[in-house]
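*Asks:* Dropping a prediction and its sequence here:
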Amino acid sequence: MPLPKDLAAQPSRSRGRAHQEADGSPRGPRDIFQRDRDRIVHSVAFRRLRHKTQVFVAPDGDHFRVRLTHSIEVAQIGRTMARALGLNEDLTEALCLAHDLGHPPFGHAGEDALSAALAEAGGFDHNGHTLRIVTCLENPYPDFDGLNLSWEALEGLAKHNGPVEAPGWALAEADAAFPLELATWPSLEAQVAAIADDIAYDNHDIDDGLRAGILRLEELLDLPFVRRLWLAIEQRHPGLDPGKKIKALVRDGIGTMVGDVLEETGRRVRDAGVATIEDVRRFGSALAGFSAELTTEERQLKRLLYDRLYNSPTLVPVREEAQRVISGLAQYYLDNPGSLPSGWQRGDETSRQRGIADYIAGMTDRFAIARHEELVGPVHLPDRF
């Protein structure tokens, strides 16, 4: 059931953009949030996601998910929930599509290595870097840097996981340029985008983990959430091929989580008595999310994925080599700053190190591997993943 309409972001009530745009060029029949979405889709950073790691190193395996396909899947889930709740679908979709723009090569492994290598300059945080990309580093327009997204889009990207009490340097710079009220909760569109991310990777990592042979179905069936879905599939389709049962399991997992979020979000909103978007921002906790029961079961699933998939003995050597690649590149450019392309060279020492982070973070997995082999030395990634 849709929520009260005043809880949805309205294009006509947007706080606008940091830079006024009145150059007279054709815009087409799109509102401010639709243009946000389109700017993200057409950005260089979005295209690069097709060669960036989700769980498995992107050059390995045509059927495994990468950051781009993950982002598209998150957007599909997020838009479905936004439509059902009566929220703004375009803003939700924009946030879903952009939420991973700031990831460096090799996902969280690459982020950890890059942050450690550049600790003296404030380190690296992928969420802050997402804001840096859309406010500074993308440059398709003649009159300003960045994509000049709406305030609501920037707010949602900055704090889709909740209020930010201690922003890193990149997020702090974006906030100083266009204050985003970091101490408050974001819109319901941003909250839905965040939970859509959880739903997507929980279920699709099951799919990829089983496909890779790292996860075992028997381990998953020890979880009440998975076992309940599996038994229901067997009851509906006795004798179904195991491969098709796994595909049904992934679909049913997504559908069950989406249904739970819709019901729980409606309940929370009714109980909270919020009437406006500002009420949502001031409420003090998330209004979109899983029920208490599913929260417990989802955490159990996440623990299994961390123990058996992300930290599996099969993937640990890949992660360690990926981190060596990023650390090696960072150290090379610290020692040889003149080797950076001219557009990435900066002045003082802190800016120089942050320019190195900007350059490396923009690399795809395979470009980082190629640059390391050219500048530092061989890369010894395992044959798989």
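*Replies:* That came through fine. Quick caveat: nothing in here was measured; it's all calculated off a predicted structure. Residues are numbered from 1 along each chain as shown.

*Asks:* how close does Asn336 sit to Arg324?
*Replies:* Going from Asn336 to Arg324 by C-beta to C-beta, to the nearest Å gives 18 Å. The way it works is simple: take the backbone N, C-alpha and C, and place the C-beta from them, glycine included.

*Asks:* which one of those two has more residues nearby?
*Replies:* Arg324 (17 against 10; other C-beta atoms under 10 Å).

*Asks:* I'd like the mean pLDDT over the helix or strand hosting the more buried one, please.
*Replies:* Assigned by DSSP states H and E, Arg324 belongs to helix 316-335. The pLDDT scores in helix 316-335 average 96.

*Asks:* how far does that helix sit from the chain's center?
*Replies:* Offset of helix 316-335 from its chain centre (C-alpha atoms, centre = their mean, to the nearest Å): 22 Å.

*Asks:* which parts of that helix are buried?
*Replies:* 318-319, 321-330, 332-334 (16 or more other C-beta atoms under 10 Å).

*Asks:* What helices and strands are in contact with the next helix or strand after it?
*Replies:* Downstream of helix 316-335, the first helix or strand assigned by DSSP H and E is helix 349-361. On a contact count with 3 or more C-beta pairs under 8 Å, 6 or more residues apart in numbering; DSSP states H and E, helix 349-361 meets helix 107-117, helix 126-132, helix 316-335.

*Asks:* CA atoms only for the shortest one, dumped as CSV, please.
*Replies:* Put plainly, it is helix 126-132. The C-alpha atoms that make up helix 126-132 are tabulated as CSV, following Å, rounded to 0.1, in the frame of the first residue of the first chain:
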residue,chain,number,x,y,z
HIS,A,126,34.4,4.6,-1.4
ASN,A,127,31.3,6.4,-0.3
GLY,A,128,33.1,9.7,0.0
HIS,A,129,34.7,9.0,-3.3
THR,A,130,31.3,8.6,-4.9
LEU,A,131,30.5,12.1,-3.9
ARG,A,132,33.9,13.3,-5.2
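
*Asks:* what's it packed up against?
*Replies:* Using 3+ C-beta pairs under 8 Å, 6+ apart: helix 126-132 touches helix 151-159, helix 169-177, helix 349-361.

*Asks:* mind checking which of the ones you listed is nearest Glu374?
*Replies:* Glu374 lies closest, by C-beta to C-beta, to one member of these: helix 349-361, at 14.1 Å.

*Asks:* For Leu101, see how far away Arg65 is.
*Replies:* From Arg65 to Leu101 the distance is 16 Å (C-beta to C-beta).

*Asks:* So the two - more neighbours on which side?
*Replies:* Higher neighbour count among Arg65 and Leu101: Leu101, with 29 against 23, using other C-beta under 10 Å.

*Asks:* Confirm for me that the more buried one is in contact with Leu49.
*Replies:* Yes: with contacts counted by C-beta atoms under 8 Å, Leu101 reaches Leu49, the gap being 7.3 Å.

*Asks:* which SS state does the residue found closest to Val261 once you drop the neighbours it is linked to in the chain fall under?
*Replies:* Using C-beta to C-beta, 6 or more residues apart in numbering and skipping the chain neighbours, the partner closest in space to Val261 is Ile195 (5.6 Å). Here Ile195 is helix, with the state taken from DSSP: H, G, I helix; E, B strand; the rest coil.

*Asks:* hmm, who's touching the host helix or strand of Ile40?
*Replies:* Assigned by DSSP H and E, Ile40 falls within helix 32-41. Identification of contacts with helix 32-41 by C-beta atoms under 8 Å, 6 or more residues apart in numbering yields 9, 11, 14, 16-17, 27, 30, 46, 88, 90-91, 93-94, 97-98, 101, 134, 140, 147-150, 152-153.

*Asks:* In it, which residues are buried?
*Replies:* Quick answer for helix 32-41 (16+ other C-beta under 10 Å): 32-40.

*Asks:* Reformat those residues as a markdown table; add pLDDT and distance to Ala75.
*Replies:* Converted to a markdown table, the buried residues of helix 32-41 look like this (pLDDT from 0 to 100; distance: C-beta to C-beta, whole Å):
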| residue | pLDDT | distance to Ala75 |
| --- | --- | --- |
| Ile32 | 96 | 18 |
| Phe33 | 98 | 13 |
| Gln34 | 97 | 14 |
| Arg35 | 97 | 16 |
| Asp36 | 98 | 13 |
| Arg37 | 98 | 9 |
| Asp38 | 97 | 13 |
| Arg39 | 98 | 15 |
| Ile40 | 98 | 10 |
